[in-house]
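A.B. asks: One predicted model, sequence on top.
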Amino acid sequence: MTVAIVLNVLVQGVLTGLVYGLMALGLSVIFGIVRVVNFAHGEFAVVAMYATWLLFVTLGLDPLISLLPIAIVFFGIGYLLQATLVNRFVGRAEHEQFILLVGLGIIIVNGLLMIFGPDARPANLSYSFDSYMIGPVIVDKARVFAAAGALVVSAALVAFFRYTATGTAIRACADNLTGAAVVGLNVKRLYALTFGLGLACVGAAGALMVTIADASPALSQAFTLLAFVIVIIGGLGSMAGALIGGVLIGVSEALASFFLAPSMKSMFSFALLVLILVLRPQGLMGRRA
Amino acid sequence: MKRLWDPIPLRGRVVLVALLAALLIAPAVLDRYLISIFVLIFYFTLVGQAWNLMMGYAGQLSLGHALYAGLGGYVAALLWFYFGIGPWLGVIPAIAVAMAFGAAIGWLGFRFGIEGVYFALLTIAFAEFTRIAFDNMAFTGGAGGLFLLYEPKRAHEWWNLRGGPLLFYYLSLALACGATALTAWLARSRLGYQWVAIREDQRAAMALGIDVFRAKMIAVLISAAMTAVGGVMLAFYYNSLFPAQAFDISRSIEMILGPVVGGLGTVFGPIVGAFILTPLGEGLIAVTDKLGIGVPGVKAVFYGLTLMIIISLRPDGVWPWLKRLIGLEAA
Amino acid sequence: MSALLKVEGVSKRFRGLVAVDRVSFEVVEGAIFAVIGPNGAGKTTLFNLIAGDFPTDGGAMTFAGDPLDGLTPDQVCRRGIARTYQIVRPFPALSVEDNVIVGALMRLADVDAARSRAHEVLRQLDLYDKRQRRASSLTLPDRKRLEVARALATGPKLLLLDEVMAGLRPTETDRMVAVLREINRATGMTILLIEHVMRAVMALASHVLVLHHGAAIAEGPPEAVVRDPAVIESYLGVETV
């Protein structure tokens, strides 16, 4: 019986963790390639959650469907943001980039607060309370869909970077910026594409998140920190690392919520972050610089 | 003292003395609301200077400074709450605890070469960890908060930091002046030169014989101590403490706004920043409330916009520009 | 004269590449000692080993009789070895004067005393008039001079100069040679320099070590070294002779 409960908690953690992983993948792409610290990352995820929620309550669109338009719109936002503003901060001091994006994050989260108020906005999907029984394990249907969605989007991103010319060019920029510029790659445009892709990931993750959590401005900062913690634990620049880190954090949160208290769920994430920074700064899957 | 005074041009000295005199007599004409705004300005000057020493001078990006203010406030408040030990005495253990945490963070960060954003995340991790711990500890009041009883019959006990707005006005003014003097003195000391050398180029600093680890540790310790003092004052000013507020990352960000807007690595930047931001932010709330369009978040949106504009257009802050404008730039 | 710096069989490998290969030499007190060799010969790596930037893979180094191995760069500097970087690293946002004050504060605790010392050094290197300028606004030759001034201000017993003449015009080179020679003469400061500008090497050095592929291939007085067939073949080429 207890084994079954722990198994339930574990599976739940893994599924949530995959969505976290997708969110962190977006950050990993931005942080790892453009080398800009996107401290408004979680804020964007929450904007996507609100957009998904709006589409659901007004048009009845399922989050798994609204994921696609949201990801496309977020790609556009990311592209424009990088092209107009963030590109000017590439190569500037880290704290300057950081302050720019913290400022943006503050505007977003408080903008949401002004528009939607502080209350959480749940989306009551038809399958919100459905579940599958696999042996003794009960799995939420919504979570399974969300995790599957996260895996599909992640796979698409990996395929883009591996099999398209643009993807290869972007990876070249990450490996050797001067070299990429010398061979005539338009680095600024590639950076804008990258930021756009990063935001598309976070947009998709936000849409999926609606199936497992209620939209609320208060989530923003927690998501930003979560994404950074996952990226560092998984290893900067490693796509597999982001997903593995996400699962690890998802599981640790689920276990801590269950065995200790829900309010203590992220304590272990931060403890894990400190350990990784000290013992393995390149992250679990990262290469040593 | 001479070292602090000498580098300021005559015009600057006049302005400085006049400003200080004005602030000393100002409470005579200020109402309760305005006094409360000045207390905030002085508080943000104090903690801004503390953060400025670490980031502006030593170049170490800390985003967990709420930790030191929160710990300072909690330690002093708990000593008063449980044992009746007044804050003038309680501030000492409060500083000690904050410095111990600062030492732990600094040691981990500097010994293991955690730098830049990674160091910032380390400081956030400690602050968040502590916030969650305090949320779940009964003797600190947990998430429900810790309240200090305000008894009107003890309102004269200034020696226990029990008193009205005037007491806190002068206390915070003194602390802000003290923090500024300390910053000015350190900036012109050997340590100050070592800090800016480390900020500019750590390897070159090392090649000039600077013990980088030691210099950075001292920066964290001083900064943590100063911030803890601010936390103690604020705890007794508001008479309440909540982990979700005391240790929240938004508290840390509030502290860095002043120095960033005013000018990092300058003595007067944090003051200028605090004097610009606090009145504007509070004024914005007052105006929107009067117009009936007041919604929570207005002030924060304004702060966010200010940050983005300043860092885009004037990343060195307002003070260096202002200094030239009013002709205080030393020739 | 006793050896101030003694390097015995020092090696350094990077991922299988042998950058410095069992190099031994001695620098006597008061000497001006030059290390020459083609690009990639391991000269800068040798400097970095002496300065404590990274540990050696074998061999031993002593300075004034004490072992240098295992010291960090700041400890090496406090022992009395100051260095410049081939790619200059001034503190960009600081004034020229403040750059040098940082160096002077290595031995002096008082900032005013350090400022006087800095002024002295700045005069020696013709930078006094530019002392209020931001270091980032200087031209490359001035930055090289600033790099030397900053190292000198620490009051070293041994000065390591990594290609401080590179990029200087001939007149500027002559001036730098004169300054270094004067410092050496007046204070007896020992100088170990890496240099490509042979004209400066011939004018300054009393002793030359030639590195090639990480190994020492010749050593001796400059006049003898430039006639060494191995040196001509590997480094100097025919036209210099």
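C.D. replies: Right, received. Where do you want to start? Residues are numbered from 1 along each chain as shown, chains lettered A, B, ... in the order given.

A.B. asks: longest helix anywhere in the chain?
C.D. replies: Since no chain was named, I'll use chain A. Longest helix in chain A by number of residues (criterion: DSSP state H): helix A:2-29.

A.B. asks: let's do chain B instead
C.D. replies: The residue-count maximum for a helix in chain B (DSSP H) belongs to helix B:212-238.

A.B. asks: Off-centre distance for it?
C.D. replies: On the basis of CA atoms, centre = their mean, to the nearest Å, helix B:212-238 sits 8 Å off its chain's mean C-alpha point.

A.B. asks: Show me what counts as buried in that helix.
C.D. replies: Residues of helix B:212-238 classed as buried by neighbour count (16 or more other CB atoms under 10 Å in any protein chain shown): B:212-213, B:215-237. (Each C-beta comes from the backbone N, C-alpha and C, glycine too.)

A.B. asks: Next, see if it gets close to chain A.
C.D. replies: No - Helix B:212-238 is not in contact with chain A by CB under 8 Å from any CB of the partner chain; minimum separation 15.1 Å.

A.B. asks: which ones among the buried residues of helix B:212-238 come in contact with chain C?
C.D. replies: Contacts with chain C within the buried residues of helix B:212-238, as defined by CB under 8 Å from any CB: B:Val212.

A.B. asks: Tell me where the stretch 51-200 of chain A has helices.
C.D. replies: A:63-84, A:94-116, A:141-163, A:165-175, A:177-182, A:187-209 (DSSP state H, counting those that start in this stretch).

A.B. asks: and chain B, which residues reach chain C?
C.D. replies: Those residues of chain B that sit near chain C, judged by CB under 8 Å from any CB, are B:3, B:188-190, B:193-194, B:196-197, B:200-201, B:203-212.

A.B. asks: again, 6 Å this time
C.D. replies: Chain B has residues B:190, B:193, B:197, B:200-201, B:204, B:206-211 near chain C, with proximity defined as CB under 6 Å from any CB of the partner chain.

A.B. asks: just these now: which is nearest A:Ala215?
C.D. replies: Proximity of the residues of chain B next to chain C to A:Ala215, judged by CB to CB, is greatest for B:Glu200, which lies at 44.5 Å.

A.B. asks: returning to that earlier point: I'd like to know which of the residues of chain B next to chain C are part of helices.
C.D. replies: Those of those lying in helices (DSSP H): B:190, B:193, B:197, B:200, B:204, B:206-207.

A.B. asks: Dump these to a markdown table, plus distance to A:Ala215 and pLDDT.
C.D. replies: Below are these laid out as a markdown table (distance: CB to CB, whole Å; pLDDT from 0 to 100):
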| residue | distance to A:Ala215 | pLDDT |
| --- | --- | --- |
| B:Arg190 | 54 | 95 |
| B:Tyr193 | 51 | 97 |
| B:Ala197 | 48 | 97 |
| B:Glu200 | 44 | 95 |
| B:Ala204 | 49 | 94 |
| B:Met206 | 49 | 95 |
| B:Ala207 | 53 | 94 |
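
A.B. asks: What's the PyMOL syntax to select whichever of those residues are buried?
C.D. replies: To isolate the buried members of those in PyMOL, using 16+ other CB under 10 Å:
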select buried, chain B and resi 190+193+197+200+204+206+207
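
A.B. asks: rewinding a little: which one of the helices of the stretch 51-200 of chain A has the lowest average pLDDT?
C.D. replies: With a mean of 75, helix A:177-182 has the lowest mean pLDDT of the helices of the stretch 51-200 of chain A.

A.B. asks: what packs against the following helix or strand past the longest helix of chain B?
C.D. replies: The C-terminal neighbour of helix B:212-238 among helices and strands, as given by DSSP states H and E, is strand B:240-241. Judged by 3 or more CB pairs under 6 Å, 6 or more residues apart in numbering or on different chains; DSSP states H and E, strand B:240-241 is in contact with helix B:66-83.

A.B. asks: mind running it again at 8 Å?
C.D. replies: Packing partners of strand B:240-241 (3 or more CB pairs under 8 Å, 6 or more residues apart in numbering or on different chains; DSSP states H and E): helix B:66-83, strand B:146-147.

A.B. asks: closest point of the stretch 101-250 of chain A to chain C, which residue?
C.D. replies: Among the residues of the stretch 101-250 of chain A, A:Thr178 lies nearest to chain C; the distance is 15.1 Å by CB to the nearest CB.

A.B. asks: And for the stretch 51-200 of chain A?
C.D. replies: Taking CB to the nearest CB, chain C has its nearest neighbour within the stretch 51-200 of chain A at A:Ala93, 10.6 Å off.

A.B. asks: quick one, what contacts that residue?
C.D. replies: By CB atoms under 8 Å, 6 or more residues apart in numbering or on different chains, the contact list for A:Ala93 reads B:Pro315.

A.B. asks: Dihedrals phi and psi, it?
C.D. replies: Dihedral angles phi and psi of A:Ala93 (degrees, to the nearest 10) take the values phi -60, psi 140.

A.B. asks: hang on, C:Ala218 is in a strand, isn't it?
C.D. replies: Yes - if the criterion is DSSP: H, G, I helix; E, B strand; the rest coil, then C:Ala218 is within a strand.

A.B. asks: That one touches C:His207, doesn't it?
C.D. replies: No - with contacts counted by CB atoms under 8 Å, C:Ala218 stays clear of C:His207, the gap being 11.3 Å.

A.B. asks: neighbour count winner among these two?
C.D. replies: The neighbour count for C:Ala218 versus C:His207, taken as other CB atoms under 10 Å in any protein chain shown, is higher for C:Ala218 (22 against 19).

A.B. asks: Do you know the pLDDT at that one?
C.D. replies: In this model, C:Ala218 carries a pLDDT of 86.

A.B. asks: ok, it to chain B distance?
C.D. replies: 29 Å (CB to the nearest CB, to the nearest Å).

A.B. asks: anything in the longest helix of chain A sitting right up against chain B?
C.D. replies: No - counting by CB under 8 Å from any CB, chain B has no neighbours in helix A:2-29; the shortest distance is 11.7 Å.

A.B. asks: does stretch A:98-105 come close to chain B?
C.D. replies: Yes - using CB under 8 Å from any CB, stretch A:98-105 reaches chain B at A:98-100, A:102-105.

A.B. asks: and the strand or helix carrying B:Leu277, what does it pack onto?
C.D. replies: Under the criterion DSSP H and E, the helix or strand holding B:Leu277 is helix B:269-290. With contacts taken as 3+ CB pairs under 8 Å, 6+ apart, helix B:269-290 sits against helix B:32-52, helix B:165-187, helix B:249-262, helix B:298-313, helix B:318-325.

A.B. asks: for chain C, longest helix please?
C.D. replies: Looking across chain C with DSSP H, the single longest helix is helix C:170-187.
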